[in-house]
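Need a 3D model of the following:
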Amino acid sequence: MSESQEVKFKVKVYDYPEGTKPKRVAKEVTESLKGVVSTKKIGKLKKQAIQCPVLNEERNFVECFACKSHIRRVMGEVDCAGGSAELQV
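You can find the predicted model right below:
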């Protein structure tokens, strides 16, 4: 990440409500994160969601983490560049 991306959106990360099943994440996305994030951590992240400002829909945090617009996550907030919502698989 040599080039610095400008933050357009700050999005809150939240846990799925009790009794609600998290949205399914494509296997390619999960596989691309192995080696970057531990398997145990991926399991925890799958239980969290964000309201994506680019797509205007709820997304699983794992998909957000794999998105090209994702910059960083700090204190329960995601900094988003607001560009394309293409996944880095």
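
So for stretch 52-64, what gets flagged as buried?
Buried residues in stretch 52-64, counted by 16 or more other CB atoms under 10 Å: C52, P53, V54, R59, N60, F61, V62, E63, C64. For every residue, glycine as well, the C-beta is placed using N, CA and C.

In strands only, show me those.
Among the buried residues of stretch 52-64, the residues falling in strands (DSSP state E) are C52, R59, N60.

my guess is the second one meets C52, correct?
Right, R59. Yes - in this structure, R59 is within contact of C52 by CB atoms under 8 Å, at 4.6 Å.

what's near enough to touch the residue most central in space within the chain?
Centroid-nearest residue in the chain: C64, 2.1 Å away (criterion: CA atoms, centre = their mean). Going by CB atoms under 8 Å, 6 or more residues apart in numbering, C64 touches V11, I50, C52, H70, V78, C80.

Of those, which belong to strands?
Cross-referencing those against strands under DSSP E gives V11, I50, C52, H70, V78, C80.
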